[in-house]
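J.: Here is my input; please provide its structure:
(2 chains)
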Amino acid sequence: MNAFLEISSLDIDFPIPGGTFKALSDINLKISKGEFVSLIGHSGCGKSTILNIVAGLYKATCGGVLLKGREVTEPGPERAVVFQNHSLLPWLSAYENVELAVMQVFKKTKTKHEIKDWIEHNLKLVHMDHAMHKKPGEISGGMKQRVGIARALAMQPEILLMDEPFGALDALTRAHMQDSLMEIQNELNNTVIMITHDVDEAVLLSDRIVMMTNGPAATIGEILDVNLPRPRDRVAMASDTEYNRLRSEVLKFLYEKQRKINH
Amino acid sequence: MEVNALKENGINFLSKSVLPMVGILVFIILWSLLAKNINTSLGAFPGPKAVYEQSISLYEEHIEERSKASKFYDMQEKNNAQRLAVDPNYDAKIRSYTGKKTYVDQIFTSLITVMCGFILSLLIGLPLGIAIGLNKGLNSALNPIIQILKPVSPLAWLPLVTMVVSATYTSTDPFFAKSFITSMITVTLCCLWPVLINTAVGVGSVENDLINVSRVINLSTMTHIRKIVLPSAIPLMFTGMRLSLGIAWMVLIAAEMLSQNPGLGKFVWDEFQNGSSNSLARIMVAVVTIGIIGFLLDRAMLKLQRIFSWQKIV
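T.: Numbering: from 1, shown residues only, chains lettered A, B, ... in the order given. Predicted coordinates for the structure are as follows:
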C-alpha cells in the first residue's frame, strides 16, 4: 500500500553566485495518515526547506512529494501551513483572518451560516473565541499563533505543516500551546509535520522524530519512534524513563553525532 | 503617586501648550525687531503689527464687497418686482455681480485649484503606481522616466502647459478658466510623483510571508490584490499622498502667480506689482495664510490616514 504522504529522493539546489548550493540531498520519508512527525536538526539544516517543498512553495530539483498518490506541484489548502511568525494579515481581525481561508475552501459547499459556525468552532478549538474580533496588533504572540493554527485547521487540510510554530514564544506560553495542540490532536487526529529545534517539544508531541544531519547536502540522519501512550502529561513525562531515554537519544544525535560539523 | 501624576500632567501641559506658545512668542518678537531694521523702497519690512492690521483690513474689504454684492442683488429684485407690477410680461433677469475678488474668494479659488490638481494626480498616480508595483517589467520601463521627470520645477512646466492649454482648450464659452486649467495641470505634473512612487513601492514590497499565505490558501489574482496587496500598501500610499498634497500646495502658489489664476498666488503677484505702502504687509498676510492652510491640509491628510490605515501612526 502506498503511504499517505511520500517524500522520495528529494534534492534541492539553490543558485548562489558562481554555482549552486545543495541544501538537501536524497530525502526519503513516508508518513501515514494521522501520524505526527517532527523534523529536528540544527539551524540551517534545511528543515524548513523540506516543509516548504511539501507545501508546494519551493520546487525540488530532483525527486518529489506524493500526497495520497498525487504529486505536489503547487501550494494548496489541503496542505495548510502554520507559519513560524503567525503571518496573520494585520488589517484583519482574528475572525476575518480565519474567514479568508475558510471562504476560499468552503465557499461552494457550506452556507453562510455554516461558514460562520465553522470559523467560530475553530477559534473555540484554539481557545480564541473570547478575542475573535481583535486585530493581530491587539493580542499577544501566543494568541496570534493560536489564530494561525485555527486558520490552518479551519481549512480541514489533509496534512498540517507547522514551521517552528512555537519557536518565537516564551517557554511558558510554548508549554501552554503544546498542551493545546495535543488536546486538539486528540480530538482531530490530523496528519502533522512539525519543524522544531526543541527536543522536549519533539518527544512530547510526536509519534516519530526525524533527525536531520547538518548541511550542506543535509539528509535524514536517524528516525526515532516515540511509543509513549497518549494522552501525555508533561509533568508525569519528566520522570518517565522511556521519555527520558528518547530525549537523550535526540540530544545524543544533535550534540554528539552532529556536533563536529556544527560550530 | 499623586504628586507624580500631577508632575506628569504638568510636563505634558508644558510641552503641549506652554512651549509652543513660547516658541511663537519668541518668533514674533524676533520678527518685529528684525523687521524694523530692514528698509525697502516700499518702506520698512512689515512687522507683526502691520501684518495684523492688514489682515483685518483685508477681511473688512471682504465684508464690504459682500454687502455691496447683496445690495446689488436686492436692487435688481426690487427693480424687477416694480417692472413686473407695471408689465406682467416683462422678462425678469438677474445679472451677476462682477465686483473684484476679495482675499477670501482668492483663498477658496486656491483651495479648489489645489484639490482638483491633487485629485487628478491621485486618479493617475494610484492606478499607475499599483500597475508598476505589480509588474516588474513595467517598473523597469517607466522608472527612468519617472526619475527624470520627478525633479522638474513647476516653473519649467508652466510655459509649456500654458501653450498647450491655450492651443487645445478652445471652447468659446469655457466652463473652466484657462488659468485654472493651467494651474491645475502644473500642480498635477509636480505632485504626481510621490504618490506614484510610494504606491509602487508599497504594492511591490508585500511581506513574503503574506504572499505565502495567499499562495497556500490559493487566492485568485484579483482577490490576492484586493485582500493582501492593497491593504499592505495603504500606509505607504498615504505617505505618498501626504507628500503629494504638500508639494501641490507649494507648487500652486508659483503656478497661480504666473498663470494669473485668481488665487493666493495672483494676490501676491498683484500686491507686488501694486507696490503701495501696504503691499509688503499684505504679501506677508498671504505668507502666513499659505503656511497655515498648508499645515491644515497636512493635518487633514493625517486624519484620513488614521481612519483608513490599519497601521498605528504616532
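J.: Can you pull out the low-pLDDT segments for the stretch 151-263 of chain A?
T.: Within the stretch 151-263 of chain A, the ranges that satisfy pLDDT under 70 run A:260-263.
J.: same thing with the stretch 151-300 of chain B?
T.: Counting by pLDDT under 70, the stretch 151-300 of chain B contains no low-confidence segment.
J.: which residues of it fall in helices?
T.: Assigned by DSSP state H, counting those that start in this stretch, the helices in the stretch 151-300 of chain B fall at B:154-168, B:178-204, B:208-216, B:221-224, B:230-259, B:264-274, B:279-308.
J.: Identify each buried residue in the third one, please.
T.: What that stands for is helix B:208-216. Buried residues in helix B:208-216, counting neighbours by 16 or more other Cβ atoms under 10 Å in any protein chain shown, are found at B:210, B:211, B:212, B:213, B:214, B:215, B:216. Where C-beta positions appear, they are placed from N, C-alpha and C, glycine not excepted.
J.: okay if I get those residues as a markdown table plus distance to chain A?
T.: What follows is these, written out as a markdown table (distance: Cβ to the nearest Cβ, whole Å):
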| residue | distance to chain A |
| --- | --- |
| B:210 | 6 |
| B:211 | 9 |
| B:212 | 6 |
| B:213 | 5 |
| B:214 | 9 |
| B:215 | 4 |
| B:216 | 5 |
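J.: Can you name the two of these that sit furthest apart?
T.: Using Cβ to Cβ, the pair of those lying farthest apart is B:210 and B:216, separated by 10.7 Å.
J.: ok so, going back, please identify the most buried of the helices of the stretch 151-300 of chain B.
T.: helix B:178-204 (a mean of 25; mean count of other Cβ atoms under 10 Å in any protein chain shown).
J.: Give the other helices and strands that that one contacts.
T.: Helix B:178-204 is packed against helix B:103-134, helix B:136-149, helix B:154-168, helix B:230-259, with contacts defined by 3 or more Cβ pairs under 8 Å, 6 or more residues apart in numbering or on different chains; DSSP states H and E.
J.: try it again with 6 Å
T.: helix B:103-134, helix B:154-168, helix B:230-259 (3 or more Cβ pairs under 6 Å, 6 or more residues apart in numbering or on different chains; DSSP states H and E).
J.: Out of the ones you listed, flag the one nearest chain A.
T.: Chain A sits nearest to helix B:230-259 of all those, at 4.5 Å, using Cβ to the nearest Cβ.
J.: where exactly do the strands run in the stretch 51-200 of chain A?
T.: Along the stretch 51-200 of chain A, the segments classed as strands by DSSP state E, counting those that start in this stretch run A:62-67, A:70-71, A:79-82, A:159-163, A:191-196.
J.: Relative to residue A:149, how far out is the closest residue to residue A:187 other than its chain neighbours?
T.: Nearest non-adjacent residue to residue A:187, counting by Cβ to Cβ, 6 or more residues apart in numbering or on different chains: residue A:125, 7.7 Å away. In this view, residue A:125 and residue A:149 are 8 Å apart by Cβ to Cβ, to the nearest Å.
J.: Between the two, which has more neighbouring residues?
T.: Between residue A:125 and residue A:149, counted using other Cβ atoms under 10 Å in any protein chain shown, residue A:149 has the larger neighbour count: 25 against 19.
J.: And that one, what's its pLDDT?
T.: In this prediction, residue A:149 carries a pLDDT score of 92.
J.: Next to chain B, which bits of the stretch 51-200 of chain A? Give me the list.
T.: A:57, A:75, A:76, A:77, A:81, A:83, A:87, A:90, A:91, A:101, A:104 (Cβ under 6 Å from any Cβ of the partner chain).
J.: Highest neighbour count among these?
T.: Most neighbours among those, by other Cβ under 10 Å: residue A:81, with 31 neighbours.
J.: For that residue, give me its contacts.
T.: Neighbour list for residue A:81: A:55, A:161, B:216 [criterion: Cβ atoms under 6 Å, 6 or more residues apart in numbering or on different chains].
J.: One more pass at 10 Å, please.
T.: A:51-52, A:54-57, A:75, A:87, A:148, A:151-152, A:155, A:157, A:159-163, A:165, A:193, B:212-213, B:215-217 (Cβ atoms under 10 Å, 6 or more residues apart in numbering or on different chains).
J.: Against residue B:285, how distant is it?
T.: From residue A:81 to residue B:285 the distance is 63 Å (Cβ to Cβ).
J.: Now do the same for the closest residue to residue A:232 other than its chain neighbours: helix, strand or coil?
T.: Sequence neighbours aside, residue A:204 is the residue nearest to residue A:232 in space, at 5.9 Å (criterion: Cβ to Cβ, 6+ apart). Under DSSP: H, G, I helix; E, B strand; the rest coil, residue A:204 falls in the helix class.
J.: Wait, residue A:204 touches residue A:233, no?
T.: Yes: if you go by Cβ atoms under 10 Å, residue A:204 and residue A:233 touch, sitting 9.5 Å apart.
J.: of the two, who's got more company?
T.: Per other Cβ under 10 Å, whichever of residue A:204 and residue A:233 has more neighbours is residue A:204, with 23 against 12.
J.: what is residue A:218 paired to in the beta sheet?
T.: Beta bridges link residue A:218 to residue A:24 when assigned by DSSP bridges.
J.: Contacts only, for the residue lying closest to residue B:254 once chain neighbours are set aside.
T.: Leaving aside its sequence neighbours, residue B:254 sits nearest to residue B:154 (Cβ to Cβ, 6+ apart; 5.2 Å). For residue B:154, the contact set (Cβ under 10 Å, 6+ apart) comprises B:161, B:183, B:186-187, B:189-191, B:247-248, B:250-255, B:258.
J.: how near is the residue nearest to residue A:187 to chain B?
T.: From residue A:125 across to chain B, the span is 18 Å (Cβ to the nearest Cβ, to the nearest Å).
J.: cool, and residue A:38?
T.: For residue A:38 relative to chain B (Cβ to the nearest Cβ), the value is 21 Å.
J.: State the number of residues packed around that residue.
T.: The burial count for residue A:38: 27, using other Cβ under 10 Å.
J.: again with residue B:73
T.: 14.
J.: How far away from the center of its chain is the host helix or strand of it?
T.: Assigned by DSSP states H and E, residue B:73 falls within helix B:48-86. Distance, stretch centre to chain centre, for helix B:48-86: 28 Å (Cα atoms, centre = their mean, to the nearest Å).
J.: Nearest to chain B: which residue in the stretch 151-263 of chain A?
T.: For the stretch 151-263 of chain A, Cβ to the nearest Cβ, closest residue to chain B: residue A:155, 6.9 Å.
J.: Contact partners for that residue?
T.: A:76-81, A:98, A:101-102, A:104-106, A:122, B:216-218.
J.: Isn't residue B:286 up against residue B:46?
T.: No: counting by Cβ under 10 Å, residue B:286 does not reach residue B:46; the two are 11.5 Å apart.
J.: shared neighbours, these two?
T.: Common contact partners of residue B:286 and residue B:46 (Cβ under 10 Å, 6+ apart): residue B:54.
J.: pLDDT at residue 62, what is it?
T.: Reading this off chain A. For residue A:62, pLDDT reads 91.
J.: wrong one, I was asking about chain B
T.: If you check residue B:62, the pLDDT there is 90.
J.: could you measure residue B:138 against chain A, distance?
T.: Taking Cβ to the nearest Cβ, one finds residue B:138 at 25 Å from chain A.
J.: I'd say residue A:78 and residue A:54 touch.
T.: No: between residue A:78 and residue A:54 there is no contact under Cβ under 10 Å: 11.3 Å.
J.: Report the set of residues contacting both of the two.
T.: Shared contacts of residue A:78 and residue A:54, defined by Cβ under 10 Å, 6+ apart, are found at A:67, A:72, A:159.
J.: and of those, the nearest to residue B:179?
T.: residue A:72 (64.8 Å).
J.: List the contacts of residue 217.
T.: Here I'm looking at chain A. Counted by Cβ under 10 Å, 6+ apart, residue A:217 has contacts A:11, A:13, A:21, A:22, A:23, A:24, A:25, A:26, A:46.
J.: Sorry, I should have been clearer: chain B.
T.: Residue B:217 makes contact with A:75-77, A:80-81, A:100-105, A:151-152, A:155, B:223-224, B:227 under the criterion Cβ under 10 Å, 6+ apart.
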